[in-house]
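Peer 1: What follows is a predicted protein model with its sequence.
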Amino acid sequence: VQRNFPIKRLSLFASARSVGKSLEFNGQQIPIQEATPSSVSGHDIVFMSAGATRSREFASAALDSGAIVIDNSSAFRMQPDVPLVVPEVNPDQMGAEHSLLSVANCTAILLCTAISPLRQLGRFDRLIVSTYQSASGGGAMMMEQLKLETKAALGGPPAPDSTLQYPYAFNLFSHNTPIGSDGFNEEECKVIEETRKILNDPGLKIAVTCIRVPVLRAHTETVVIEFADTAPTVESVRNVLSQASGVKLMDDRVNNIFPNPAEASGQDEVLVGRIRLDPSNPKAIILMLCGDQLLKGAALNAVQIAELALAKRFQA
Ligand SMILES: NC(=O)c1ccc[n+]([C@@H]2O[C@H](COP(=O)([O-])OP(=O)(O)OC[C@H]3O[C@@H](n4cnc5c(N)ncnc54)[C@H](OP(=O)(O)O)[C@@H]3O)[C@@H](O)[C@H]2O)c1
């Protein structure tokens, strides 16, 4: 509705658990149907966001029925024939012929949206990224767990057991995805691989540490960008970011006003600030970003991809 997306008919799907429920859209109650290969077939555009297993189960039926499939899971992101598009960054990765389109990992989308414009200043050599990721990245259940644990810690009723290894309220911990033999967790690997694919820079050096923090909705990242041959200035970085699409500069040193997840929540733009030169490397800049990973990190990016796909088809 907000983007005036051209919807003639909207069908909603979830698991069998949700059959009987409905959601309001544009003043109308729309019943939730069970997702099956046949029920998701016969639509023009199918958005999938029920995990990689479900995406693998349903995508081919939807594609075979002629739909454009926009998939929010990790199932197809690294397939060479599947575009991984952040519309402000790499719209040309998608052509009119592509029907299966992946939405990247939320942390990678926010990172690429914020830093990609700075490639005007020079080639990146290396990124050092630290994340402060909110509960919403783990889905609705994790947000609920954080609320219940916080109430319990403040004297409320005990919270139910969770699958998390650590207490969540008033705590933070290494991202709760499985860890590989190299010590990196799945989230960190996704950020590295997907950032290289989105920026079309397979050799880009990236060191990343992903941390889950007790924030409900928006992710925060700190980034050191080391340029190959450029010594950037704070003014040049501010100048580029103040004109970049999808980015809002928030960098007021005098009043200590910088990106924060409370302010990023509900906003389409990625907030960027705390821009500083790196005293340990004249070719590097340090910055901080916050973005609503339910919007730009997921749903908004998916809708922007759909808009781009329609535009490419109508142009073709
Ligand atoms: N969280 C994020 O911001 C984010 C960002 C980027 C990508 N993603 C990806 O999006 C996917 C979903 O994440 P989420 O955070 O939205 O999780 P979530 O809040 O737990 O929601 C999962 C959704 O999947 C549905 N579902 C589960 N099993 C199903 C089945 N067998 N058939 C049909 N639908 C089923 C659920 O329906 P019921 O309510 O009926 O169970 C629910 O609507 C994951 O692949 C995740 O990696 C998430």
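Peer 2: Happy to help now that I have it. Residues are numbered from 1 along each chain as shown.

Peer 1: Spatially nearest residue to the residue sitting nearest the centre point of the chain, not counting backbone neighbours?
Peer 2: Geometric centre of the chain, nearest residue: Cys106, 1.8 Å, by CA atoms, centre = their mean. Nearest non-adjacent residue to Cys106, counting by CB to CB, 6 or more residues apart in numbering: Gly297, 3.1 Å away. (C-beta placed from N, C-alpha, C; glycine too.)

Peer 1: pLDDT at the one you found, what is it?
Peer 2: At Gly297, the predicted lDDT confidence score is 97.

Peer 1: And Thr230, how far from the ligand?
Peer 2: 32 Å (CB to the nearest ligand atom, to the nearest Å).

Peer 1: List the contacts of that residue.
Peer 2: Contact analysis of Thr230 by CB atoms under 8 Å, 6 or more residues apart in numbering lists Leu121, Gly122, Arg123, Lys283.

Peer 1: so what's the backbone phi/psi at it?
Peer 2: When read as degrees, to the nearest 10, the backbone of Thr230 gives phi -110, psi 140.

Peer 1: any idea of the pLDDT on it?
Peer 2: 96.

Peer 1: Glu88 versus that one, what's the distance?
Peer 2: Thr230 sits at a distance of 21 Å from Glu88 (criterion: CB to CB, to the nearest Å).

Peer 1: Quick one: residues contacting the residue in the stretch 51-200 of the chain positioned nearest to the ligand.
Peer 2: With CB to the nearest ligand atom, the shortest gap between the stretch 51-200 of the chain and the ligand falls at Gly139, namely 3.0 Å. Gly139 makes contact with no residue, according to CB under 8 Å, 6+ apart.

Peer 1: Nearest to the ligand: which residue in the stretch 151-300 of the chain?
Peer 2: Using CB to the nearest ligand atom, the single residue of the stretch 151-300 of the chain nearest to the ligand is Ala298, 3.7 Å away.

Peer 1: That residue contacts Phe47, correct?
Peer 2: No. The pair Ala298 / Phe47 is not scored as a contact, 10.2 Å apart, by CB atoms under 8 Å.

Peer 1: Okay, buried residues for stretch 206-221 please.
Peer 2: Judged by neighbour count using 16 or more other CB atoms under 10 Å, the buried positions of stretch 206-221 are 206, 208-210, 212-221.

Peer 1: Looking at these, which is nearest Asp252?
Peer 2: Thr220 (17.2 Å; CB to CB).

Peer 1: beta partners for the spatially closest residue to that closest one that is not a sequence neighbour?
Peer 2: Spatially, and ignoring its direct neighbours in sequence, Thr220 is nearest to Tyr132 (4.0 Å; CB to CB, 6+ apart). Beta bridges link Tyr132 to Ile211, Thr220 when assigned by DSSP bridges.

Peer 1: before we move on, what about Val46?
Peer 2: Counting by DSSP bridges, the residues bridging with Val46 are Val69.

Peer 1: could you pull out the helices for the stretch 51-200 of the chain?
Peer 2: Secondary structure of the stretch 51-200 of the chain by DSSP state H, counting those that start in this stretch: the helices cover 52-64, 106-115, 140-153, 186-198.

Peer 1: Quick check: the farthest pair among the buried residues of stretch 206-221?
Peer 2: Pairwise across those, and taking CB to CB, the largest span is found between Ile206 and Leu216, at 27.3 Å.

Peer 1: who's in contact with the closest residue to Val82 other than its chain neighbours?
Peer 2: Ranked by CB to CB, 6+ apart and with sequence neighbours excluded, the top spatial neighbour of Val82 is Phe76, at 4.6 Å. Phe76 makes contact with Ser55, Ala59, Val82, Leu100, Ser102 under the criterion CB under 8 Å, 6+ apart.

Peer 1: cool, Ala114 as well?
Peer 2: Taking CB under 8 Å, 6+ apart as the criterion, Ala114 is in contact with Glu221, Val223, Leu241, Val247, Val270, Val272, Leu287, Leu289, Gly291.
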